[in-house]
Every structure is written in structure tokens, then in C-alpha cells.
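**Student:** quick one, what's the 3D model for this:
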Amino acid sequence: MKILVIDDDPSVRKFITTTLKKENYAVTEAENGAEGLIKLQQEKDISIIITDLIMPEKEGIETIMEVRKINPAVKILAISGGGKAGPENFLLLADVVGANATLKKPFGGQELLMCLRMLA
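**Tutor:** Purely as a prediction, here's the structure:
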């Protein structure tokens with residue numbers, strides 16, 4: 001199972017990637033939605049995408065909508081700290097546009113793994 005992690009914050013990306021690799025997941029990374037969509041099309045074995053919602057270039061909601069067009073079967077976990085509006089609004093919107101699960105930042109490694117087990 002390969003997981004694509006899309007987040008513009010290098011420290012968040014590193015935390016998620018490290019947590020997943022310790023559990024023997026194959027992980028590939030992207031720093032924004034535009035880069036994430038390119039990787040999704042290049043690497044055909046991606047089965048789960050973990051995406052932040054607030055990012056430069058292409059934000060998460062738009063990314064989720066495009067992923068659904070490219071590969072409706074891929075599972076999506078949306079994550080957000082929410083910015084000024086608060087994460088609940090963004091996470092609710094992520095659900096509406098096609099995320100399979102949502103997780104509010106900050107979260108711990110166990111929370112992340114539990115969410116992934118529910119998706120798998």
C-alpha cells in the first residue's frame with residue numbers, strides 16, 4: 001500500500017512520513033496539490049492520499065475534487081489546522097467534496113494510524 005502525503009509544511013510532512021514508514025507503509029510526498037496530482041498520475045500504485053487543506057499553489061479542497069475525477073477509488077484523508085476560519089469548516093467542506101475521512105491538526109501518530117486503518 002502506497003500513501004501520498006501532500007502538505008506545504010515540511011515538518012508536518014516529515015512527521016507523517018516518519019510515522020508511516022515506521023509502520024512499513026510506502027510513502028511518497030508532495031508539497032502542494034499541483035505536485036500531488038502529478039505524482040498521483042505518475043505513480044499508479046497510490047491507494048491513500050493524506051492532504052492538507054490550506055496550501056499555496058493548489059489548496060486541498062480543489063485537489064480532492066480533481067483526485068476524484070482522476071481516480072475515484074483512491075482513499076482520501078483530509079487534514080487541517082484551519083487557519084483563521086477554524087478547521088471544522090474546512091474539514092466539513094472536505095467531506096462534502098469527497099474526502100473519506102478528516103483529521104484536525106495537531107494530531108498524534110496513533111490518531112493518524114487509526115484513521116488509516118479505518119480507510120484501508
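**Student:** how is the nearest residue to residue 16 once chain neighbours are set aside assigned, secondary-structure-wise?
**Tutor:** Spatial nearest neighbour of residue 16, chain neighbours left out: residue 5 (5.0 Å); criterion: CB to CB, 6 or more residues apart in numbering. Backbone N, C-alpha and C define where each C-beta goes, glycine included. Three-state assignment for residue 5 (DSSP: H, G, I helix; E, B strand; the rest coil): strand.
**Student:** and stretch 64-82, which residues are buried?
**Tutor:** 64, 66-67, 74-81 (16 or more other CB atoms under 10 Å).
**Student:** quick one: the residue nearest to residue 16 and residue 112, what's the gap?
**Tutor:** Using CB to CB, to the nearest Å, residue 5 is found at 10 Å from residue 112.
**Student:** the two: which has the busier surroundings?
**Tutor:** residue 5 (27 against 19; other CB atoms under 10 Å).
**Student:** that one and residue 27 touch, don't they?
**Tutor:** Yes: counting by CB atoms under 8 Å, residue 5 touches residue 27, with 6.1 Å between them.
**Student:** quick check: neighbours shared by those two?
**Tutor:** 16-17, 20 (CB atoms under 8 Å, 6 or more residues apart in numbering).
**Student:** returning to what we had before: mutual contacts of residue 5 and residue 112, please.
**Tutor:** Each of 16, 20, 50 lies in contact with both residue 5 and residue 112 under the rule CB under 8 Å, 6+ apart.
**Student:** elements contacting the helix or strand containing the first one?
**Tutor:** Okay, so that is residue 16. Using DSSP states H and E, residue 16 falls within helix 10-22. Judged by 3 or more CB pairs under 8 Å, 6 or more residues apart in numbering; DSSP states H and E, helix 10-22 is in contact with strand 2-6, strand 26-30, helix 109-119.
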